[in-house]
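J.: just a sequence and a predicted model for now, questions to come.
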2 protein chains.
Amino acid sequence: MPQKDYEAISHAKRLQRGGNIPREWTFDPKIHQGIDLLDVPITCGLLTDAEIDITSKFDATSLLKGLKAGIWSVEQVTTAFCKRAAIAQQLVNCLTEIFFNEAIERARRLDKQRYACTDVKALPPLFGLPVSLKDIFAVKGHDTSTGLACYVNEPAEEHSAIAAMLLDLGAILYCKTNVPQSVMTGDSHNNVFGRTLNPRNVSFTAGGSTGGEGALLALRGSVLGVGTDIAGSIRVPSVCNGTYGMRPSVGLAPHNGTRELTVPGTDGIRSTVGPMATTLRDCALFLKTIMKAGTWRYDTSVISLPWRDAKPKMRLRIGLVEDDGVYTPVPPVRRVMKKAAALLRTSENVEIVPLALPNVKTYYADLLSYFTLSGSEHYLEQFGRTGEPVVPSLAALGLLSKPAATLKSFFDLNVRRAEAARTYLRLFLDNSLDAILMPAAPHTALPWDTWTNATYTALWNYLDYPAVVIPMDVVTDSDSMDDPNNAKYGPSDMELYRQYTGPEHYKGLPIAVQVIGYRHQDEELIAAAEILDSIINGKS
Amino acid sequence: MPQKDYEAISHAKRLQRGGNIPREWTFDPKIHQGIDLLDVPITCGLLTDAEIDITSKFDATSLLKGLKAGIWSVEQVTTAFCKRAAIAQQLVNCLTEIFFNEAIERARRLDKQRYACTDVKALPPLFGLPVSLKDIFAVKGHDTSTGLACYVNEPAEEHSAIAAMLLDLGAILYCKTNVPQSVMTGDSHNNVFGRTLNPRNVSFTAGGSTGGEGALLALRGSVLGVGTDIAGSIRVPSVCNGTYGMRPSVGLAPHNGTRELTVPGTDGIRSTVGPMATTLRDCALFLKTIMKAGTWRYDTSVISLPWRDAKPKMRLRIGLVEDDGVYTPVPPVRRVMKKAAALLRTSENVEIVPLALPNVKTYYADLLSYFTLSGSEHYLEQFGRTGEPVVPSLAALGLLSKPAATLKSFFDLNVRRAEAARTYLRLFLDNSLDAILMPAAPHTALPWDTWTNATYTALWNYLDYPAVVIPMDVVTDSDSMDDPNNAKYGPSDMELYRQYTGPEHYKGLPIAVQVIGYRHQDEELIAAAEILDSIINGKS
């Protein structure tokens, strides 16, 4: 019998969380099935015009300029995002830890620092910028429950490395965001905080595992969020919420001080820390600022490298991947990929190389074997401490039914992974690729608890290649449902393919592409992705 | 029953190797116990005065200048080193694969290239430089037997990454060098090629596992060698032979294409590729040139980073470690450390911080557990294929008696290693260290088959910190034997300590210090080590 029941813990925790939202920032959100909530923060009447401006019109890069120039006070900006995050929380249940008071107090201190400062250049690089964090990052004084009841009411004694760095760099931390039970599924849903809804359509997933972050960003309750990605956990919510998101190469941003739910010391596929934002340049801003700040002082597991400014290429060679050979993209995704390819083909700066990705199915199977090296015992033990049940999206994954592996089978996985690395290096070299462009997923956000595959994103975790998600369009009335028999890759492909039932249900959901670079060449990837973004999103 | 007996294989292989030395370069070396062979290459009459000059007076950096300027032809330099390597081989049995013909042919081609070249700057960075390789690196067309009979007569079909890079960078490959059976011991001795002798005293080990390289360098049959280091395999032979040697952080130089004798896919402590040379600047030359050349194109396992030129520090803070808390340095080592500390204390550019290294014994035990994860079965199976016995130095290590570990115990090792990393980061940060200075070993070269501990070097493999060995002195008549009871750390310390029996046996053997930097800050380490080298070796 568990010492304390998860329901009692969850009830108390949610009450506590609610109490951290000032009463005057609360309202009745009137949520019903299928509703699009994106405009509610503006129409609900809680934000002043200035707060609507601050939170709606700028990305982190411009906000920082304004903050340093004194166009707004840090307090003003922080309060605006705290308020809008409070609204977002009431709409889609995206937050876990709320510490607005602490944030606003710090904002006031930073304002004093700015008034005393004669040289704007002496201000820290992220001066006054509100940054939201996925729940798994420890922030001193607050829980790192990671959605598990057994870890509620254990305030962190130390900051995670990324929290410490962000604070040292001048940022404001004000909230943490929701994750799935186990941090492994495509639905940010757990027994402590419940489910995060997709603000564009509450019947759909907001994605996972960094789904609270995605929903918060979509509602502009944050302008820059930090997540982690081990199979797509930054990129899936980026697809679901129409945000930019980057999975950097493992080790470039510090990962220490996160709550790990796997068996301690587990190696193999490593989770990587990365940004989610409303522009690509903000993703770059995050990685650049972190990499310039000496990550080694904060984290023993990093590859501590100074950011290099990548020289812009005169002409990019882009490998164009229509599908991954496992799942056929649904019609709106195919439409957007065609549009992207056509736009790139008109550009003098881009050369398109049609490309097929070898062995994705096999590699994905091996990735899942890495994820289940220790079986399910450790997860179930943690759930069992408070008697909490497995959430539907985790049950649907099937990861918990795998037996533990042996050391020999782990080494065998390493052998195959090393061979895969050679295969893909040859793919890059033989085709002289600067980057690969492909769908970020074969579909858009899906209805609750049905996002159970991640081949499009997880391949790049298996290979440890950096990848960026670029939102490009939304589902429109023209995106009719297709005959499921047009799914090219067999029964499980057909099953996924038929999930797309046309614009009646899916209209307005974002469609995203993914740009992938070579391992540890994250700067080159960002430089290439910026060019592609400007072309396919008509920003040039 | 083995298919073919190792003795027959070894006999044929040694005959073949001998046949690759031109008859006119052979002589009768007259080796006897205790003899110092260092001068024999000069006195034996086989080298011309020009060849003696080329091989004796320059380091790789100056040779390269001369080669590019056309002071010597590539053929002249290559022939000189081939000849001297042939002499070294006859003296101390340091070579495994000999391909002088191929090297001299390539040298002629490079000479033609130079004559056709109007701009010296357009020549590749290692133009015409002879470089020797540890046997484990595959060189196309030659065996990578790694001292095991079962792999003899299997010429490599592809270059190892480092061989391919060196050739692309303009270097000349001309021989490979001897290693211990298993590549894990301090004596480069195996059943195929026999034992490499220490040229300063043939009764002593030349070190291992890159011992053939060390002996070859000591005799100046090479000016730049490439080894690997997983517990001290570059640094131990550097100590034994009085050469400079560097263990870079894992992944900076490419490691693919080496013969691994461990179970394929083994992870944990990784071997790292690094240089051995006669000057520190040549170690820097190697790493810099390799890192500037895009290692990612050659090797999927690298951290492919461009070399950064480290800014010289106005004042270095150096942690001074007298011993590692496990083994007491013998009198000549203590004398040299005292001398180094005294010299550094007189320098305005150095601040000394006395330092104790925490937990070395525990960490070393864990390192050995990493090395024996898969037990001994795989090694013994490879030996068994040709019926070869275990060499004495490998038997003495005790590694082969360990049982295989479980996945869980591997992950437990990872947990403890991560904690060790945090402990040592705090050591670096709390003391604001730029580098650590300590003995490279608690002793000099030891008599055959008695170098069975590597705590001084292996700690830095466990932590993955870069480390450089700097030779500083040799044992002199004044270095009397000490009372074994002065060993500070118990019975096994006393046992090792009493091995030093005074100058009668040890006179002339090199004594070296070790400089250690922080992980991935190899450029900063080299910059610091260059300053320390100039002070302690009076080069400033």
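T.: Looks like it arrived, so ask away.
J.: who in chain A is up against chain B?
T.: A:263-267, A:296-297, A:300-301, A:303-306, A:308, A:373-374, A:404-408, A:410-415, A:418, A:421-422, A:424-425, A:429, A:518-521 (CB under 8 Å from any CB of the partner chain). All C-beta spots, glycine's among them, are computed from the backbone N, C-alpha and C.
J.: strands of the stretch 51-200 of chain A, residue ranges please.
T.: Ranges of strands within the stretch 51-200 of chain A are A:95-98, A:130-134, A:172-177, A:189-190, A:194-195, based on DSSP state E, counting those that start in this stretch.
J.: switch those over to a markdown table; also include mean neighbour count and mean pLDDT.
T.: What follows is these, written out as a markdown table (neighbours: other CB atoms under 10 Å in any protein chain shown; pLDDT from 0 to 100):
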| stretch | mean neighbour count | mean pLDDT |
| --- | --- | --- |
| strand A:95-98 | 26 | 98 |
| strand A:130-134 | 28 | 98 |
| strand A:172-177 | 30 | 98 |
| strand A:189-190 | 28 | 98 |
| strand A:194-195 | 18 | 98 |
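J.: nearest to B:Ile290, out of those?
T.: Nearest to B:Ile290 among the strands of the stretch 51-200 of chain A is strand A:130-134 (37.7 Å), distances taken as CB to CB.
J.: how about A:Gly45, what does it touch?
T.: By CB atoms under 8 Å, 6 or more residues apart in numbering or on different chains, the contact list for A:Gly45 reads A:Phe27.
J.: now do the SS call for the nearest residue to A:Leu355 once chain neighbours are set aside.
T.: Once its chain neighbours are removed from consideration, A:Leu355 has its nearest residue in A:Gly319; the separation is 3.7 Å (CB to CB, 6 or more residues apart in numbering or on different chains). For A:Gly319, the assignment made with DSSP: H, G, I helix; E, B strand; the rest coil gives strand.
J.: any idea how far A:Gly319 lies from chain B?
T.: Taking CB to the nearest CB, to the nearest Å as the measure, A:Gly319 falls 17 Å from chain B.
J.: wait, isn't that residue in contact with A:Leu429?
T.: No - taking contacts as CB atoms under 8 Å, A:Gly319 lies outside contact range of A:Leu429: 11.8 Å.
J.: list the contacts for the residue most central in space within chain A?
T.: By CA atoms, centre = their mean, chain A has its centre lying nearest to A:Ile234, at 2.3 Å. Neighbour list for A:Ile234: A:210, A:227-228, A:245-247, A:274-276, A:469 [criterion: CB under 8 Å, 6+ apart].
J.: again, only using 7 Å
T.: Counting by CB atoms under 7 Å, 6 or more residues apart in numbering or on different chains, A:Ile234 makes contact with A:210, A:227-228, A:245-247, A:274, A:276.
J.: among these, name the ones in strands.
T.: Taking DSSP state E as the definition of strands, the contacts of A:Ile234 contribute A:227-228, A:245-247, A:274, A:276.
J.: so where's the stretch 301-450 of chain A shaky on pLDDT?
T.: Along the stretch 301-450 of chain A, the model assigns pLDDT under 70 to no residue.
J.: state the three-state secondary structure for the closest residue to A:Arg270 other than its chain neighbours.
T.: Nearest-residue entry for A:Arg270: A:Val250, 4.7 Å, with adjacent residues in sequence omitted and distances by CB to CB, 6+ apart. Three-state assignment for A:Val250 (three-state DSSP): coil.
J.: for A:Val250, give its distance to chain B.
T.: Distance from A:Val250 to chain B, by CB to the nearest CB: 10 Å.
J.: repeat that for A:Thr386.
T.: A:Thr386 sits 24 Å away from chain B when distances are taken as CB to the nearest CB.
J.: pull the number of nearby residues for that residue.
T.: When neighbours are counted by other CB atoms under 10 Å in any protein chain shown, A:Thr386 registers 22.
J.: which secondary structure state is assigned to it?
T.: Secondary structure assignment for A:Thr386 (three-state DSSP): coil.
J.: what's the distance between stretch A:194-209 and the middle of its chain?
T.: When C-alpha coordinates are averaged (CA atoms, centre = their mean, to the nearest Å), stretch A:194-209 and its chain have centres 13 Å apart.
J.: same check on stretch A:108-117?
T.: For stretch A:108-117 - counting by CA atoms, centre = their mean - the centre lies 32 Å from the chain centre.
J.: who touches it?
T.: With contact meaning CB under 7 Å, 6+ apart, stretch A:108-117 is reached by A:70, A:73-75, A:123, A:127-128, A:170.
J.: how about a cut-off of 6 Å?
T.: Counting contacts by CB atoms under 6 Å, 6 or more residues apart in numbering or on different chains, the residues outside stretch A:108-117 that touch it are A:73-75, A:128.
J.: nearest to chain B among those residues?
T.: Nearest to chain B among these: A:Gly128, at 27.2 Å, using CB to the nearest CB.
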